[in-house]
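Novice: sequence unknown, structure follows:
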DNA sequence: AAATATTTTTAGGCTTGTCTAAAAATAATA
DNA sequence: TATTATTTTTAGACAAGCCTAAAAATATTT
């Protein structure tokens, strides 16, 4: 239906627009896709011709419903494959993204459906990101950043804001995985660091850099 | 490493050479790949430049060890994915080929290894074709065609010579699946049809067209 | 508001993989 | 063997996706 490249452009534009970036500028797309602004302009014109996005010269782009559908479906496939790699093949959560970047372009609706069923209809991928439903609905998660959470509430580690392998590997190292529970015991104004108490009364410190990239849910 | 297209050319040439076709001619490749002879010539030159095959003008081609390795690895991935689709996702054996045509090009050695392990190191795909080992060895199966088998031996249905969806669907319809056992009770010279006795003493007839496309193993 | 900086677009070109039409080589037949 | 038929290759062209360099538009400073 759509090429590997077209899907990647649509997915990138979709993600940038989700991140609040209201007007999606050429350079931002080029940056994410590791290509040049001139190439982005070329492709944008083609995608606009196919009614996948609205484009006005020098004014940035916005996906049409048709384009958003393709993007969301690509995200859905990406996250389902990540679940497969993590849950079934036992890859680390820092390893699944790269492989899913390839698998997300496999084109078979029935495959996606069967995979979904095989995985028992997961709602979130291994990084805590929501998996869009077959019809493109994404359930909004009520996650907050650990650095914004209040003390004395039970918090459940539910996701990450930084998806880089180095960050995920750091969390591995300090045994922070999805599902662990904690309570903030101390928030230090000076450096933004946070002390928490884990189940089993173990305590742990997070630097601001880490705390601002951990998503938690208030239990 | 190698493009989708390059892998498909190498796989096709490999398969044609396995089918006994000693000199692989341009037209045969074009036929399989649904393209034109001129395109094949172009690609052959590029693959020869990359030392993936030996090529002499008007004399046909032969894979080098390097090229064969790529081809066999693609076949390995194809068949492992077919096992996954069949065993885990419960696709029919007539449905797995098309999807595996896409999945075979996913490039990740560790993924292939983990998939192999997840599937418990299968030796044959859902059509009875052998799965090459990681280092490219293909165990030769001692299967024979049902039409060439002798009466009064216990035969195990082990594979198919015709991989088309229509043939596989026909076998579904008459409940012929891998693993069923049978003994030939009658071979008709006139039309080449074969009568067999299945376990449970049920009997069944195969036309020559069917019998010549069923592979069995003498138990 | 004018000058400068940044962003975006255009122009022209490259590679991959494809095509058609014509030429060259090989194979088959009279 | 000469002729015809088939196969293969060459020549030239095209679309997709990318590039660099330069021009145009927009944003930011002074």
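Specialist: Good, I have the coordinates. Remember, predicted model here, so these are calculated numbers, not experimental data.
Novice: stretch A:119-136 close to chain B?
Specialist: No - Stretch A:119-136 lies apart from chain B when judged by CB under 8 Å from any CB of the partner chain; the minimum separation is 10.2 Å. Backbone N, C-alpha and C define where each C-beta goes, glycine included.
Novice: ok, for residue A:29, nearest residue in space, not its chain neighbours?
Specialist: Using CB to CB, 6 or more residues apart in numbering or on different chains and skipping the chain neighbours, the partner closest in space to residue A:29 is residue A:40 (4.8 Å).
Novice: which SS class is that neighbour?
Specialist: What DSSP: H, G, I helix; E, B strand; the rest coil gives for residue A:40 is helix.
Novice: which residues does it contact?
Specialist: Counting by CB atoms under 8 Å, 6 or more residues apart in numbering or on different chains, residue A:40 touches A:9, A:26, A:29, A:30, A:33.
Novice: how much space between it and residue A:56?
Specialist: Computed with CB to CB, to the nearest Å, the distance linking residue A:40 and residue A:56 is 15 Å.
Novice: residue A:145 now?
Specialist: Relative to residue A:56, residue A:145 is positioned 35 Å away (CB to CB).
Novice: more neighbours: which of those two?
Specialist: residue A:145 (14 against 9; other CB atoms under 10 Å in any protein chain shown).
Novice: please report how far the more buried one lies from DNA strand D.
Specialist: Look at residue A:145 and DNA strand D: by CB to the nearest atom of the strand, to the nearest Å, they are 27 Å apart.
Novice: who are the neighbours in contact with that residue?
Specialist: Residue A:145 makes contact with A:161, A:211, A:212, A:213, A:214, A:215, A:216 under the criterion CB under 8 Å, 6+ apart.
Novice: swap in 6 Å and give it another go.
Specialist: Contacts here follow CB atoms under 6 Å, 6 or more residues apart in numbering or on different chains; on that basis residue A:145 touches residue A:212.
Novice: flag every residue of chain A that's near DNA strand D.
Specialist: Within chain A, the positions near DNA strand D by CB under 7 Å from any atom of the strand are A:3-6, A:33, A:35-36, A:38-39, A:42-43, A:46, A:58.
Novice: mind running it again at 6 Å?
Specialist: Counting by CB under 6 Å from any atom of the strand, chain A comes close to DNA strand D at A:3, A:5, A:6, A:35, A:36, A:38, A:39, A:42, A:43, A:46, A:58.
Novice: adding secondary structure, write these out as TSV.
Specialist: Output for these, formatted as TSV (three-state DSSP):
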residue	secondary structure
A:3	coil
A:5	helix
A:6	helix
A:35	coil
A:36	coil
A:38	helix
A:39	helix
A:42	helix
A:43	helix
A:46	helix
A:58	coil
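Novice: what bridges to residue A:214?
Specialist: As for beta bridges, residue A:214 partners with residue A:160 under DSSP bridges.
Novice: how many neighbours does it have?
Specialist: 26.
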